[in-house]
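Colleague: My questions are about this predicted structure, shown below with the sequence.
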Amino acid sequence: MASDMITVDGGHYSPILGKKRDVTVNGFLIDEAAVTNREFQLFVKKVPSWQKTKTPLLFADTNYLKSWNWPTGTNDPSLDSSPVVNVSWFAAKAYCEWSNKRLPTVDEWEYLAQFGPVDKKHDPKDVILEWYSKPTPAKLPHVKSTFKNKFGVWDVHGLIWEWTYDFNTAFVTGESRGDSAIEKSMFCGGGAAGSPNPSDYAAFMRFGFRSSLKGNYTVENLGFRCAKDPKP
């Protein structure tokens with residue numbers, strides 16, 4: 001079953017880079033959790049052109065759905081509720097459109113990311129830094145395994161990276177993509193000068209990570225969730 005959607009009230013956030021200091025974000029809907037293997041399996045069964053053996057390299061590189069044993073999924077039930085990863089931007093966008101949704105924008109994601117765990121027991125920066133310090137596990141935890149924020153959205157931090165619709169609008173440039181995972185140590189805090197919040201290390205990492213991507217890239221800790229405009 002597809003993830004429930006959460007209503008996110010509109011508001012403002014300050015981009016970590018660039019001259020704009022205050023961006024208005026309109027209210028939107030977003031999946032409460034990342035898209036899972038089980039959910040993506042249903043998609044590729046309904047839309048066979050996105051199966052791992054049929055998708056052109058133009059739209060997904062050779063690591064597309066790397067952990068899947070079959071063109072239509074995995075024979076490991078323990079992965080069903082884990083987020084689907086090694087999925088390209090093109091494939092994520094196609095899934096969202098098939099679901100009558102869309103990928104969230106960078107502004108929507110960054111606005112959402114400023115709200116940490118609702119229980120207040122965990123500093124989001126500590127959660128993120130702990131995540132960075134550990135290698136990506138062979139089997140990712142299930143969605144809803146970290147924390148939800150004040151809107152009720154799960155795993156905004158600490159589970160996987162997530163695609164955004166306009167990921168290639170990042171200000172940082174350069175190539176930092178390894179063969180199997182992002183080399184997290186490649187990004188430094190030198191761009192913090194003049195930033196509205198130089199201590200927001202996670203935001204710099206997100207912008208640096210996005211700038212290293214191309215639409216057909218797939219990475220073992222990169223997945224997605226869908227968003228949607230509210231009904232008028």
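Modeller: Sure, I can see it. Residues are numbered from 1 along each chain as shown.

Colleague: Three-state assignment for the nearest residue to V25 once chain neighbours are set aside, please.
Modeller: Excluding the flanking residues, the one nearest V25 by CB to CB, 6 or more residues apart in numbering is Y111, at 4.3 Å. C-betas here are computed from N, CA, C, even on glycine. Judged by DSSP: H, G, I helix; E, B strand; the rest coil, the three-state class of Y111 is helix.

Colleague: Determine how far the last residue of stretch 8-27 lies from the first.
Modeller: One end of stretch 8-27 to the other measures 6 Å (CA to CA, to the nearest Å).

Colleague: what number of residues lie near P230?
Modeller: Burial of P230 is recorded as 12 neighbouring residues (other CB atoms under 10 Å).

Colleague: I meant to write T36 there.
Modeller: 21.

Colleague: Quick check: beta-bridge partners of it?
Modeller: P83 (DSSP bridges).

Colleague: Strands along the protein, start to end?
Modeller: Using DSSP state E, the strands of the chain run over 5-8, 11-13, 23-25, 28-31, 161-162, 222-223, 227-228.

Colleague: pLDDT weak spots in this structure?
Modeller: Within the chain, the segments meeting pLDDT under 70 span 1-3, 16-20, 119-122, 124, 170-205, 207-212.

Colleague: hang on, the earlier thing: with mean neighbour count as new columns, can the strands of the chain be given to me in CSV?
Modeller: Below are these laid out as CSV (neighbours: other CB atoms under 10 Å):
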stretch, mean neighbour count
strand 5-8, 18
strand 11-13, 15
strand 23-25, 14
strand 28-31, 22
strand 161-162, 20
strand 222-223, 25
strand 227-228, 20
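
Colleague: quick one, which of the ones you listed is nearest to K134?
Modeller: For K134, the closest of these is strand 161-162, at 14.1 Å, according to CB to CB.

Colleague: Which residues are in contact with the closest residue to A33 other than its chain neighbours?
Modeller: Nearest in space to A33, with sequence neighbours left out and distances taken as CB to CB, 6+ apart, is V143 at 3.9 Å. Taking CB atoms under 8 Å, 6 or more residues apart in numbering, we find V143 in contact with 3, 33-34, 36, 81-83, 154-155, 159.
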